[in-house]
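S.K.: Need the 3D shape of this:
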Amino acid sequence: MSAFRQKSVYLQTYLPAQSYKNICNGRINSVRKDKKTTNMSLQKLNFAIFGNIYQADKSAGIQQVLHSLKERMAGVSMEKTFYDFLVKTRGLRLDGVSVFDGNYENADFVISMGGDGTLLRSAYCVGDRCTPIIGVNMGRLGFLAGVSVEEIDEVLDNIYKEEYIVDCLAMVQVETTRGDGTETQECALNEIAVLKRDNASMISIRTSINGEYIVTYHADGLIISTPTGSTAYSLSNGGPIIVPHTGTLCITPVAPHSLTARPIVMSDNAVITLEVESRSHNFLVAADGRSTKCDESQVLTIRRTPYDAHIVKPQSMTYFSTLRKKMMWGADTRKG
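M.R.: Here you go, the predicted structure:
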């Protein structure tokens, strides 16, 4: 078991590497008294890699990351779909790389190679194992995946020297209960979205918070976002930017029928219950873009997960510097 495994705990802050490691080791030691802390700089680290198969032109960057890991004698495992893509489609030789299908084992860190979408999928796959995720940006915006391929050597050096920060970000989950009592559950780092089908008219979403009826939204959908997701789908629908670690969730309607329907920000201790009516008698529930078809008999319960996503960041990277850069605040875009 990784020394970073953590369950049912909110950290919700920026933590320097040693503080983060001490906290996680302390929690493990409270359960297993014989567990001993090992100096990271003296042990072999294991990395599990998730990647984006739709970025074929970025294989050179992938090779650079693998070379950097090999130089440090790191253990490397790779998601099967990504491994097959690199070997069969790109013709890369991946000697010494093991393969996992869905669930990885014994990884000290996860490396997400792609854009923010790949990192969101990595966070979902990590789940309550809470393995720290290094987001290597090979996409476009890279709000979450903030490490460039050119910076990977520096980041890995800092990891071995324990000079990095772990950003603990709140996640949200949706529990779907059918009329027969059966339940399913999904989690997301950005948002849970309840949406009408492509060929349907707007849907009615009866919304309650902590058991109290609030309003019935008549709209194309409803977004329940974390602070991390406030700069994603919610923002494009008029939602506010919410600073991480504020302990909040936000409800944002999608194209509401009434102009008085506005986003609502609430404590992330809240439990949100949604009952949906649609002329087509079904609708979609999307957890960070992973869509599931549901019917009117299903009641949705949305709350914060009992664990966070742990994102590794260089010490120089802050939320507001990233926000300023990605939103191009203050940039002069005029030509000439």
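
S.K.: Please, where are all the helices along the stretch 151-300 of the chain?
M.R.: Counting by DSSP state H, counting those that start in this stretch, the stretch 151-300 of the chain has these helices, from start to end: 152-160, 233-236.

S.K.: May I see the buried residues of the last one?
M.R.: So the one you mean is helix 233-236. Using 16 or more other C-beta atoms under 10 Å as the test for burial, helix 233-236 gives 233-235. In short, each C-beta sits where N, CA and C put it, glycine included.

S.K.: could you dump those residues to TSV with pLDDT and distance to G221?
M.R.: TSV is the format used below for those (pLDDT from 0 to 100; distance: C-beta to C-beta, whole Å):
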residue	pLDDT	distance to G221
Y233	96	10
S234	97	11
L235	96	15
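
S.K.: ok, back up a step: could you tell me the least trusted of the helices of the stretch 151-300 of the chain?
M.R.: Of all the helices of the stretch 151-300 of the chain, helix 152-160 carries the lowest average pLDDT, namely a mean of 92.

S.K.: For it, buried residues please.
M.R.: Neighbour-count burial for helix 152-160, counted by 16+ other C-beta under 10 Å, picks out 152, 155-156, 158-159.

S.K.: Dump that helix to PDB, restricted to CA.
M.R.: Output of helix 152-160 as PDB, limited to C-alpha atoms (Å, rounded to 0.1, in the frame of the first residue of the first chain):
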ATOM      1  CA  ILE A 152       8.900  17.300 -15.900                       C
ATOM      2  CA  ASP A 153      12.600  16.900 -15.000                       C
ATOM      3  CA  GLU A 154      12.500  19.700 -12.500                       C
ATOM      4  CA  VAL A 155       9.200  18.500 -11.100                       C
ATOM      5  CA  LEU A 156      10.500  14.900 -10.600                       C
ATOM      6  CA  ASP A 157      13.700  16.300  -9.000                       C
ATOM      7  CA  ASN A 158      11.500  18.200  -6.600                       C
ATOM      8  CA  ILE A 159       9.400  15.200  -5.800                       C
ATOM      9  CA  TYR A 160      12.500  13.200  -4.900                       C
END
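
S.K.: quick one: contacts of it?
M.R.: With C-beta atoms under 8 Å, 6 or more residues apart in numbering as the test, helix 152-160 has contacts from 17, 40-41, 45, 64-65, 68-69, 72, 109, 134, 136, 147, 164, 312, 314-315.

S.K.: let's see 7 Å
M.R.: 40-41, 64-65, 68, 72, 109, 134, 136, 147, 164, 314 (C-beta atoms under 7 Å, 6 or more residues apart in numbering).

S.K.: And stretch 221-229, by the same measure?
M.R.: By C-beta under 7 Å, 6+ apart, the residues outside stretch 221-229 that reach it are 169-172, 189-196, 205, 233-234, 237, 239, 242-244, 246, 248-254, 272, 274, 302.

S.K.: circling back: show me which of the buried residues of helix 233-236 is closest to S201.
M.R.: Checking these against S201 with C-beta to C-beta, the nearest one is Y233 at 20.9 Å.

S.K.: Tell me how many other residues surround the nearest residue to T252 once chain neighbours are set aside.
M.R.: Excluding the flanking residues, the one nearest T252 by C-beta to C-beta, 6 or more residues apart in numbering is G239, at 3.8 Å. G239: 24 surrounding residues under other C-beta atoms under 10 Å.

S.K.: Y124 too?
M.R.: Here the number of neighbours of Y124 (other C-beta under 10 Å) works out to 18.

S.K.: check which helix or strand covers it.
M.R.: In this structure, Y124 sits in helix 116-126 according to DSSP states H and E.

S.K.: Over to F50?
M.R.: Here F50 is assigned to strand 46-51, by DSSP H and E.

S.K.: Just the CA trace of the longest strand belonging to the chain, in CSV.
M.R.: When the chain is parsed with DSSP state E, its longest strand is strand 299-313. The C-alpha trace of strand 299-313 is given here as CSV (Å, rounded to 0.1, in the frame of the first residue of the first chain):
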residue,chain,number,x,y,z
VAL,A,299,-33.9,10.3,-7.6
LEU,A,300,-30.5,12.0,-7.5
THR,A,301,-28.6,12.8,-4.3
ILE,A,302,-25.5,14.9,-4.6
ARG,A,303,-23.0,15.6,-1.9
ARG,A,304,-19.3,16.1,-1.4
THR,A,305,-17.2,12.9,-1.4
PRO,A,306,-15.6,11.7,1.8
TYR,A,307,-12.1,12.1,0.2
ASP,A,308,-10.3,14.7,-1.9
ALA,A,309,-8.3,14.7,-5.2
HIS,A,310,-4.6,15.3,-4.5
ILE,A,311,-2.8,17.3,-7.2
VAL,A,312,0.9,17.8,-7.1
LYS,A,313,2.0,21.4,-7.9
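
S.K.: Fine by me, we can end here.
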